Structure formats: C-alpha cells, structure tokens
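Peer 1: from the sequence below, what's the structure:
(2 chains)
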Amino acid sequence: SQQGEEDPQALSIQEGENATMNCSYKTSINNLQWYRQNSGRGLVHLILIRSNEREKHSGRLRVTLDTSKKSSSLLITASRAADTASYFCATDAEGSNYKLTFGKGTLLTVNP
Amino acid sequence: DGGITQSPKYLFRKEGQNVTLSCEQNLNHDAMYWYRQDPGQGLRLIYYSQIVNDFQKGDIAEGYSVSREKKESFPLTVTSAQKNPTAFYLCASRREHQQSYEQYFGPGTRLTVT
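Peer 2: Got it, this is the predicted structure:
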C-alpha cells in the first residue's frame, strides 16, 4: 500500500527559484522522511521529521509537518540544476516496525 | 550509494527462468529490505529482514523469495511465478537501533524479462 502521495507529480522551475513539494498520508506516523533519486539510481536520504516536530531545516532544505492534516512539505531554496531528481516522501507508520511506505514521487526539473 | 552493492546493474532473462539478484552491505546493518520500482511509481516493499535467518513478507511478496544466511547478504530470487518481473529492484539496509530510522540504498538492478 502506498500511504504517501506527493503533489505535484512533476515540477519545472528555473535555477535560483524555490521548489515546494507536498506529501499527504493516511495513518498516524512515527516519522516522515524525504528521499531523493537521480534517474536510474538508488535513493538517498535527505531529511527526517518526527511526529512531534513541526519544522526542520537542513542546508537549503526545509521540511514542515502538519499531523492534524496528515501532510508534509519539502522546500528547496535557491534551486540548482543539480537538484534535478525525483523526490519521495516515506512514512514510518505507528506499529509498522520501522517499515517505510513510499509515495509515487515528484519529478523536479531545474532549468539552468 | 553508501556501502551497499547490487549486481548486476542490468539483467536480462527469458520468461520462465528464475533469476537471483545480489545485495551485499558492509555497513554492519541488521535490517535489510527489497523494493520494486515501476516507471513513474514509488517503491513497493517485497521482503525485509531484521536479523539473520529471519525475514518477513512485504506488500508484494508473491513470486519472490529471499534468504538471509549472512548479515551482509540478502539475495532476492525472482521466480517464474512472478507475473510482471520487469522492473527496477532496489535493496536497502538500516541500522537496527531504536533511534535509527533512515534507510541506505544500493544503486539498483534493472531486470528485463522477455
């Protein structure tokens, strides 16, 4: 079952602009994670936000979590062409024993 | 891609043949996972293992089998019973610790069955 659903499915922006991706999920979670995948490669962990946190920063990344709305957003500021990739949210649901459920991802294209 | 290796990168097989995908990690992680990814889709969990000699079915285990005889290795066999085996297969691992949640992924194996 795919609990996380990202929105939009695809996003195209110019270098230097900010990119915002959203994720909605269905059940209670322990934490929510964002991963990045370059085309044809494995996933790389970007950032984790726990269920009792509302916002977290890491470099140019900002993640928010609204557990009442069961949604999260990932903001990439001052985007670069190298940020072009697919971005996935993954939820660690309560009682799942650390199993992650991934969404379908947002394909971000940053044009130079 | 961290300390996880998957081989080969590309694999071609004829329909009706079983095929085994390799996954090795040198991160000393206890937990290992196999996912399947179809074009434009997210990852779906096939099997996972939290300790040697033990593994559990994920969401789409039918037509697949695994073994976990060593901590470092978690091979996945795609059997002829899997109806649509062509996909991108990703292996991941996680340190089995209460405060450790992130997964580390290998580079993936793209399997094509004709």
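Peer 1: confidence score at the residue nearest to A:Ala81 when sequence neighbours are not counted?
Peer 2: Nearest residue to A:Ala81, sequence neighbours excluded (Cβ to Cβ, 6 or more residues apart in numbering or on different chains): A:Pro112, at 4.6 Å. The way it works is simple: take the backbone N, C-alpha and C, and place the C-beta from them, glycine included. pLDDT recorded at A:Pro112 is 93.
Peer 1: identify the residue nearest the residue positioned nearest the centre of chain B in space, chain neighbours excluded?
Peer 2: What sits nearest the mean C-alpha location of chain B, by Cα atoms, centre = their mean, is B:Trp34, with 2.8 Å. Spatial nearest neighbour of B:Trp34, chain neighbours left out: B:Ile46 (4.3 Å); criterion: Cβ to Cβ, 6+ apart.
Peer 1: any idea which element the one you found lies in?
Peer 2: Using DSSP states H and E, B:Ile46 sits in strand B:43-51.
Peer 1: after that strand, which helix or strand is next?
Peer 2: strand B:54-57.
Peer 1: which residues sit against that next one?
Peer 2: Strand B:54-57 has contacts (Cβ atoms under 8 Å, 6 or more residues apart in numbering or on different chains) with B:47-50, B:66-68, B:74.
Peer 1: which of those residues has the weakest pLDDT?
Peer 2: Where pLDDT dips furthest among the contacts of strand B:54-57: B:Gln50, at 92.
Peer 1: in this structure it contacts B:Phe74, no?
Peer 2: No - here B:Gln50 does not reach B:Phe74: they are 11.0 Å apart, not a contact under Cβ atoms under 8 Å.
Peer 1: quick check: the residue of chain A nearest chain B.
Peer 2: Residue of chain A nearest chain B, by Cβ to the nearest Cβ: A:Gly42 (3.6 Å).
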